[in-house]
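Engineer: Got a predicted structure here, sequence first:
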Amino acid sequence: FANSRAQARQLVLHRHFYVNGEIVNIPSYSLKVGDVITVKEKSKKMDVFHNALRVRKSNPYEWIEVEKANLSGRFMKLPERSEIPINVNEQLIVELYSK
């Protein structure tokens, strides 16, 4: 429901989302399989959500089921590493923390 990861984090910080009916304001919140994410009713009128949906014609992530009409989604499964679109060398992280 956002154009970028940074924008999504800011929207979470500003309390625009519910997870299973409870407001979430922590961008690093860990979802569990089956969790339902919804945009707060008052926030549904904001252009940022409609612009993001207009830019993304389809859902790029297989692990999230999106209902554009309701501005909601369901976390379906934990993604495989190959499904996560982040360019990270995990070995460098392991090396950093093993020092």
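Structural biologist: Received, thanks.
Engineer: which stretches of the chain form helices?
Structural biologist: In the chain, the segments counted as helices under DSSP state H are 5-13, 47-55, 90-97.
Engineer: dump the residue contacts of residue 60.
Structural biologist: By Cβ atoms under 8 Å, 6 or more residues apart in numbering, the contact list for residue 60 reads residue 85. (Glycine included, C-beta is placed from N, CA and C.)
Engineer: Buried residues of the helix or strand bottoming out on mean pLDDT in the chain, list them for me.
Structural biologist: The element with the least model confidence among the helices and strands of the chain, by mean pLDDT, DSSP states H and E, is helix 47-55, at a mean of 85. Counting neighbours by 16 or more other Cβ atoms under 10 Å, one finds that the buried residues in helix 47-55 are 48, 49, 52.
Engineer: Excluding chain neighbours, what is closest to the second one?
Structural biologist: In this structure, residue 49 finds its nearest non-sequential neighbour in residue 1, 5.3 Å apart by Cβ to Cβ, 6 or more residues apart in numbering.
Engineer: residues in contact with that neighbour?
Structural biologist: Applying Cβ under 8 Å, 6+ apart to residue 1 gives the contacts 8, 11, 39, 49, 52, 53, 71, 73.
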